[in-house]
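here is a sequence together with a model predicted from it:
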Amino acid sequence: MSNNIKKNNRVDYNNRNPYNQSNNVNSNPISYEQYYNNDYNQKESDEKKENKNFINKKMIIIIGGSVLALIIIIIVLIKIIQGTGRIDETKGLAFVENAKNYIEEAKQLGENENLDSTKKYRPDCSNDSQVMYITLSDLNLKDNLESPFGKKYQLASSFIMVQSIVNNDKSCTYDYYIYLTDGTYSLGTVNSPLKENQIAKDKIHK
């Protein structure tokens, strides 16, 4: 009896072996080397996934940084372009004031032309819309020869156009136009000088 009990209570170490085929009916037994390799391969696969995710994040950061840098460069270039096209307020107003002064000089010469019969500064009023051109050189200027932008006015190229207006009562008046340039900045053009009442800073162009 006691022998039977001992026999029944005897531990079967073969059944405790996890690699014993009879202990796991639904799976094939694996060796320790296979188990180790499988574990190593799983870890290696996880590391590759982590590395891939890291590379993807790094690429996103690099691409995002490049796009941001490009946007900043474009904004800076736009600011530079806008800055180069903008006329300085003080210099622009001084340019306009010079143009008005030159027209006043031409008017004074026209008023006094009877004192100098050798030179005329206004067109004949026998017909309407007669014109006469007076260059800045003709004005014999002594002051305001330099543009506020740091360059000399082109005296021979810049001119004032005087146009006669015959009124209904046969009286004569004159309209004054100007083309003023320092070689870089200008008011009006050669073919389309600027009328006196249209002279303004926003009319200055390169």
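Sure, I can see it.

quick check: closest non-adjacent residue to residue 189.
Once flanking residues are discounted, residue 189 sits nearest to residue 179: 6.3 Å by Cβ to Cβ, 6 or more residues apart in numbering. To be clear about C-beta, it is placed using only N, CA and C from the backbone, and glycine gets the same treatment.

ok, how many other residues are close to the one you found?
Look at residue 179: counted by other Cβ atoms under 10 Å, it has 23 neighbours.

that one belongs to a helix?
No: membership of residue 179 in a helix is not supported by DSSP: H, G, I helix; E, B strand; the rest coil, which gives strand.

bridging residues for it?
Going by DSSP bridges, residue 179 is paired in beta bridges with residue 159.

so it touches residue 190, yeah?
Yes: shown here, residue 179 and residue 190 form a contact pair, counting by Cβ atoms under 8 Å, at 5.9 Å.

identify the contacts common to these two.
When Cβ atoms under 8 Å, 6 or more residues apart in numbering defines a contact, the residues bordering residue 179 and residue 190 alike are residue 157.

hmm, back to that, quick check: the residue nearest to residue 189 vs residue 68, distance?
In this structure, residue 179 and residue 68 are separated by 47 Å, where distance is defined by Cβ to Cβ, to the nearest Å.

what ranges does this protein have for its strands?
131-135, 159-166, 172-181, 186-187, 194-195, 204-205 (DSSP state E).

pLDDT at the residue nearest to residue 189, what is it?
Looking at residue 179, its pLDDT reads 97.

distance of the most centrally placed residue in the chain from residue 72?
Centroid-nearest residue in the chain: residue 78, 1.1 Å away (criterion: Cα atoms, centre = their mean). As judged by Cβ to Cβ, residue 78 and residue 72 stand 11 Å apart.

could you do residue 192 as well?
Shown here: residue 192 relative to residue 72, a distance of 41 Å by Cβ to Cβ.

which parts of the protein belong to which domain?
By the assignment in automatic domain parsing, the chain contains the domains 15-86, 89-205.

pick the most buried one from those.
When you average the neighbours per residue for each of the domains of the chain (mean count of other Cβ atoms under 10 Å), domain 89-205 leads with a mean of 15.

residue ranges for the helices of this structure, please.
2-9, 13-16, 32-85, 89-111 (DSSP state H).

right, I'll leave it there.
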